[in-house]
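[1] I need the structure of the sequence given here:
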Amino acid sequence: MKRLALFIIAALTLGLVGFAGAAEKTKYPAPRFPSYVKPPKSIEDVMPFARAAVRQTGGRTPLGLVEKGTALIVVEPTAEEMVLQAIKRAYEERGVKVQMVAEHELIEVSKEEARKAKEATRGYTSEHGYMEAARWINSRFADPEVPKKWLKERRPDLYKALYEHEAQASPHLKAVAEKLSRQGLSEGLIKYLDNHPEVNAVFFRRGGRTATSRVMQHHSKKFYGNFIFDNRWELMNKAATFPGDVWRLAEERTLEPLAWLDRVHATDPEGTDFTFDVDEKQAQAWAKGAYQQGHLYMFPHQATGRFPYSSVDYPAFTKEYNPRFLLKVSGVFAGTSNHTGSFPRIEVHLKDGYVTDVKGGGIYGEVWREFLKYPKIHELTYPFHDQPGYWWIYEAGLGTNPKFFKRPDEAMEGENSSERNNAGVIHWGFGLRLHHGPDKPLESKEWTDFAKQNGLPNDHWWHVHNVLVTYRVRVRGTKNTWLTLIDKGELTALQSPEIRALASRYGDPKELLAEDWVPHIPGITAPGRYADYAKDPWKTLTEVMKKIDAGNYEYFYPPVKASKTKQ
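    Purely as a prediction, here's the structure:
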């Protein structure tokens, strides 16, 4: 009890404690988008940001963790050459050698073939957020043709929506596209690393760090992180220059309460509202496995069934396995976006931790509802679990840097991964995943064999993003002492006296810790009706993108003189 009392006192000092029944603010901050991200005229414009990036030790691209030797950066087709050259030059200024290898080189095809394959199989924008379902089918089943055939027989209209464009691709381009998948690229990467033993650090892909390191097999310890700093939007902003020690401390303070809580309640203005309880043993296991730089695991299922990341020797894994347990979550997860793009508002209903119904969501919701009826998906029990079924809530990935923002350019590529890096944004993921077997930090053969033999998915994927979530936890042993870890999309730890004091070493903490991006959602953060927005989020998104590109967005931050800024 003495340790608990000290913890509550510390939480009060950090300003995180609230009490049940206390009135909450209902006003959300106005939209924001950074006005300072400009197209570079020369490499010299990029170099200050590149130099900061190669010293950055936080987040999913911690280039600064490489102090010597040779770093390998795997380059995506959309990477900007000037930005890549700036990163290479900045690294070499530090004495770190750099090898940059394009994805198409790893699979030994031409750049033109890779481009054509991507266009043939991914010819859509973020208007078609339902295409996340196609990615799940294509990548989470050992034989995707089985669920594709099942869907085509049941709902030919949905099958057409997901695969009409891909069906027009030649067998050759489909084969190239398969090679460009994570598994295909990893095989090429392993071969490359076998031939280049001088490489001691690898940065690869934009997400899925644990899975990416795992498929690198005997080279997994060389994986240091993803590589997102390949374009001006990701590099030439204040996220790359955000002090690593401030970033790390904010993450530590966010995770610190997890071992002491017994209940979680999360809400957001789009309709998310759920609660779950944890006992003392479960809370401690959650706290043990919740750490991953820039992507904290704010739900126990994701923090278990794995060897946790070390908070001391990141990105190494700890040596003690964290067994999986399943929690009884009840409530609703609602939103209008996922990793691919946008869709009409969806509601995912859960009872005792399991998806029972999906309402709305347009085509995304229609496909999801069909796969709630997929053969054996509810009846069989996955390895290392004590309850049957696949459709469990699994992921709650929390972004932790206030300077990240939703890139306007990636929407035209059918991507929506950038917004999840912003501090306070949570992306919920559904469907089971077990990252490691209990013996070593590699995928369990029992797991993959089970999924393959039963024609079931081997990983989660279905996502719903919440960009304005409020996430509150109750301190164990109390009736009404709550800590607010996220308040309307803002990480409360960033406003604590301790972190503001540390941030003051680098300048004005008010400016350093301020959010550079707040989403534009009519009826919530911006004028308009949410009901209209919820029917067609893409319409609002395209209007905002056009204004940003034209330089006349009324919510630029800092304000632009020519704009009608609203404070």
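[2] got a pLDDT number for the closest residue to Thr470 other than its chain neighbours?
    Once flanking residues are discounted, Thr470 sits nearest to Thr267: 5.2 Å by Cβ to Cβ, 6 or more residues apart in numbering. Glycine gets a C-beta too; all of them are placed from N, C-alpha and C. pLDDT for Thr267: 98.
[3] which stretches of the stretch 401-550 of the chain form strands?
    426-430, 462-466, 470-475, 481-487, 490-491 (DSSP state E, counting those that start in this stretch).
[4] now do the contacts for Lys539.
    Tyr533 (Cβ atoms under 8 Å, 6 or more residues apart in numbering).
[5] going along the chain, name the helices of the stretch 51-200 of the chain.
    Per DSSP state H, counting those that start in this stretch, the stretch 51-200 of the chain carries helices over the ranges 81-93, 103-106, 111-121, 132-140, 145-154, 156-167, 171-179, 182-195.
[6] I'd like these as a markdown table, with mean neighbour count and mean pLDDT appended.
    Below are the helices of the stretch 51-200 of the chain laid out as a markdown table (neighbours: other Cβ atoms under 10 Å; pLDDT from 0 to 100):
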| stretch | mean neighbour count | mean pLDDT |
| --- | --- | --- |
| helix 81-93 | 19 | 97 |
| helix 103-106 | 21 | 90 |
| helix 111-121 | 17 | 78 |
| helix 132-140 | 21 | 95 |
| helix 145-154 | 15 | 98 |
| helix 156-167 | 16 | 91 |
| helix 171-179 | 17 | 80 |
| helix 182-195 | 17 | 90 |
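[7] I'd like to know which of these is closest to Pro62.
    Using Cβ to Cβ as the measure, helix 81-93 is the one of those that comes nearest Pro62, at 12.9 Å.
[8] which outside residues touch that closest one?
    40, 42-43, 46-47, 49-51, 53-54, 63, 66, 71, 73, 75, 97-98, 100, 229-232, 235.
[9] who's in contact with Ile233?
    One thing to correct before we go on: residue 233 is Trp, not Ile. Trp233 touches Val37, Arg407, Pro408, Asp409, Glu410, Ser418, counting by Cβ under 8 Å, 6+ apart.
[10] which one of those residues is nearest Leu185?
    The closest of these, once distances to Leu185 are taken by Cβ to Cβ, is Glu410, at 19.2 Å.
[11] I'd say the closest one and Asn416 touch.
    Yes. Between Glu410 and Asn416 there is a contact under Cβ atoms under 8 Å: 6.9 Å.
[12] not counting sequence-adjacent ones, nearest residue to Met47?
    Using Cβ to Cβ, 6+ apart, the nearest residue to Met47 is Ala86, at 5.5 Å.
[13] cool, Glu234 as well?
    Using Cβ to Cβ, 6+ apart, the nearest residue to Glu234 is Ile228, at 4.8 Å.
[14] tally of neighbours for that neighbour?
    26 (other Cβ atoms under 10 Å).
[15] need phi/psi at it.
    Main-chain dihedrals, Ile228, degrees, to the nearest 10: phi -110, psi -10.
[16] what residues are bridge-paired with Gly397?
    Tyr297, His427 (DSSP bridges).
[17] and the residue nearest to Thr470, its phi and psi?
    Per degrees, to the nearest 10, the backbone of Thr267 is at phi -140, psi 160.
[18] can you tell me the centre-most residue of this structure?
    Nearest to the geometric centre of the chain sits Arg420, at 4.8 Å (Cα atoms, centre = their mean).
[19] let me see the contact set for the nearest residue to that residue once chain neighbours are set aside.
    Excluding the flanking residues, the one nearest Arg420 by Cβ to Cβ, 6+ apart is His427, at 4.7 Å. Applying Cβ under 8 Å, 6+ apart, we find His427 in contact with Asn338, His339, Glu395, Ala396, Gly397, Arg420, His463, Val464, His465, Asn466.
[20] so what's the fifth one scoring on pLDDT?
    Right, Gly397. pLDDT, Gly397: 98.
[21] make residue 1 into 386 and carry on from there
    Done: numbering now begins at 386, and the last item shifts to Gly782.
[22] TSV for the contacts of His812, including distance to Phe526?
    Converted to TSV, the contacts of His812 look like this (distance: Cβ to Cβ, whole Å):
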residue	distance to Phe526
Asn723	19
His724	18
Glu780	19
Ala781	24
Gly782	23
Arg805	24
His848	18
Val849	21
His850	24
Asn851	28
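[23] residue ranges with poor pLDDT in this structure?
    386-411, 947-952 (pLDDT under 70).
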